[in-house]
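K.L.:
Build me a model:
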Amino acid sequence: MKRFWVLLLLAVYVLSPIDLVPDVIIGLGWLDDLALIGFALYYFFYRQKIREQPGKGREFREGPREEQKEKTASRPSPYEVLGVEKTATMDEIKTAYRRLAGQYHPDKVTHLGEEFRVLAEQKFKDIQEAYQQLSAK
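P.N.:
Residues are numbered from 1 along each chain as shown. From the prediction side, this is the model:
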């Protein structure tokens, strides 16, 4: 509905004898009309195509950021992954890492099947990442 009214006002302006630059001046009088028509074409067609492309419009830019926040918010802390308290010493962290690494090492669960090996491999990577984060501190 908004588009209809804007187009109607544009048509009335272009066809009316009252312009910013009078139409009796051939050439200059038509420049303001052409500029207004060009702006309308840009606004209604080019800008609409940009909105339809993923990642270009405002609504698409906001979506992935919220999903990314949810992913990082749902990720457990390194202490939770290793199963230690936040006040744990480096020796306790190292002991927990070695225990979990031995338990979830992909080579230790090959006899259970491919699905368990893949899950153990992912868990093992999480354990290694958690240990690297805590040992860097």
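
K.L.:
which parts of the longest helix seen in the chain are buried?
P.N.:
Across the chain, the longest stretch assigned as helix under DSSP state H is helix 114-136. For helix 114-136, the neighbour count (16 or more other CB atoms under 10 Å) marks R117, A120, K123, F124, D126, I127, A130, Y131, L134 as buried. C-betas here are computed from N, CA, C, even on glycine.

K.L.:
Apart from its neighbours in sequence, what residue is nearest E85?
P.N.:
Of all residues not flanking E85 in the chain, Y79 sits nearest, at 6.8 Å (CB to CB, 6 or more residues apart in numbering).

K.L.:
All the helices of the chain, in order from the start?
P.N.:
2-15, 28-41, 47-52, 58-74, 78-82, 90-104, 114-136.

K.L.:
What I need now is the ones you listed written out in TSV, including mean pLDDT for each item.
P.N.:
What follows is the helices of the chain, written out as TSV (pLDDT from 0 to 100):
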stretch	mean pLDDT
helix 2-15	73
helix 28-41	74
helix 47-52	62
helix 58-74	54
helix 78-82	90
helix 90-104	91
helix 114-136	90
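
K.L.:
Using the record, which stretches count as separate domains in the protein?
P.N.:
Using automatic domain parsing, the domain parsing of the chain gives 2-71, 77-136.

K.L.:
quick one: terminal-to-terminal distance for the last one?
P.N.:
Spelled out, that is domain 77-136. End-to-end distance of domain 77-136 (CA to CA, to the nearest Å): 15 Å.

K.L.:
so Y79 touches A96, yeah?
P.N.:
No. When contacts are counted by CB atoms under 8 Å, Y79 is not listed as touching A96 (9.4 Å).

K.L.:
Which one's more surrounded, these two?
P.N.:
A96 (20 against 17; other CB atoms under 10 Å).

K.L.:
Now that one: closest residue in space, sequence neighbours ignored.
P.N.:
In this structure, A96 finds its nearest non-sequential neighbour in L82, 4.5 Å apart by CB to CB, 6+ apart.

K.L.:
who's in contact with the residue nearest to E85?
P.N.:
E85, K86, A88, A130, L134 (CB atoms under 8 Å, 6 or more residues apart in numbering).
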